[in-house]
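>>> Okay, sequence plus prediction incoming.
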Amino acid sequence: MKKIFLITLGILLIVSTIAIVVIINSHPAEEPNGIEIDKSIYPITGIDVSRHTGKIDFKKLKELSADTLDFVYIKATEGMNLVDKNFEDNYSNARQNDLAVGAYHFFKFNVEGKEQAKNYLQTIKDKSFDLPLVLDVEEWSNSASIPTDQVIREIGSFIAAIERKRKDRVMIYTNESSYQKYIKDNFGSTEIWICSFNEQPNIQCEWTLWQHSHKGKLEGAEGWVDINTFNGSREAWRGFLNKSY
């Protein structure tokens, strides 16, 4: 009996191991590795970071990536009351190391846009930025039960509140599916920062920034960073930076 039990247990262990391997291989990582960009076409490169990136040594980033890193977007807020715990440190350290800086807010579908705008404005205060303020709109971590027209209305409310108070225009960050559902045909000439892992973003408008990787690794950043590119030459980039934000 003992021998039969051991044989049976061994078979079960083998079957379990095979099952685990199959499950892992059939469920790839949630964050795609992204794609490589032809920098002869798109020479400007930036990163976006949040508390999930961990500790960032911006001095080291700047020293080691002086010719390849042009800007950084930093998460400031989310929803009605969440403030990224690393925002203040990330902002001040990026500023001290002469990086072009922007700040973004992650939009929650179940919270009024004006309340989210209040959280964002109270957090960024009177800080200066080189890049447009950004509203991050995506279905990830948001409830699918919120009516589409309600989400669109609250996005508009957020943008209006920010632009009225700061006199700055707001850029929308989104992915291809959320662009089609919430953004397309609804926000006129608003600039778009698109997340896409295709060879070219599949949207029916001219994009300004393109996030093409969720798994960039740079010495000086503890965790993964998102990698982005600007839609234009270095000359166009200089003109973009000279706009007032």
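That came in fine, so what should we check first?

>>> Just give the closest residue to the residue positioned nearest the centre of the chain, not the sequence neighbours.
The centroid of the chain falls nearest to D48 when counting by CA atoms, centre = their mean (6.0 Å). Excluding the flanking residues, the one nearest D48 by CB to CB, 6 or more residues apart in numbering is Y73, at 3.9 Å. Every residue, glycine included, has its C-beta placed from N, CA and C.

>>> OK, contacts around the spatially closest residue to L99 that is not a sequence neighbour?
Among residues not flanking L99 along the chain, V72 sits closest, at 5.1 Å (CB to CB, 6+ apart). Taking CB atoms under 8 Å, 6 or more residues apart in numbering as the contact definition, V72 lies against 46-49, 58, 90, 94, 99-102.

>>> if you look at those, which of them are in strands?
Mapping these onto strands (DSSP state E) picks out 46-49, 100-102.

>>> Among those residues, which one lies nearest to S177?
Closest approach between the ones in strands among the contacts of V72 and S177, by CB to CB: D48, at 19.3 Å.

>>> contacting residues around the closest residue to R95 other than its chain neighbours?
Leaving out its chain neighbours, the residue that sits closest to R95 by CB to CB, 6+ apart is V101, at 6.1 Å. V101 is in contact with 71-74, 91, 94-95, 129-131, counting by CB under 8 Å, 6+ apart.

>>> let's see 10 Å
For V101, the contact set (CB atoms under 10 Å, 6 or more residues apart in numbering) comprises 46, 58, 71-74, 90-92, 94-95, 127-131, 245.

>>> ok, now R95?
Going by CB under 10 Å, 6+ apart, R95 touches 58, 101, 127-130.

>>> go on, C195?
Applying CB under 10 Å, 6+ apart to C195 gives the contacts 32, 34, 136, 138, 173-179, 201, 209-214, 226, 228.
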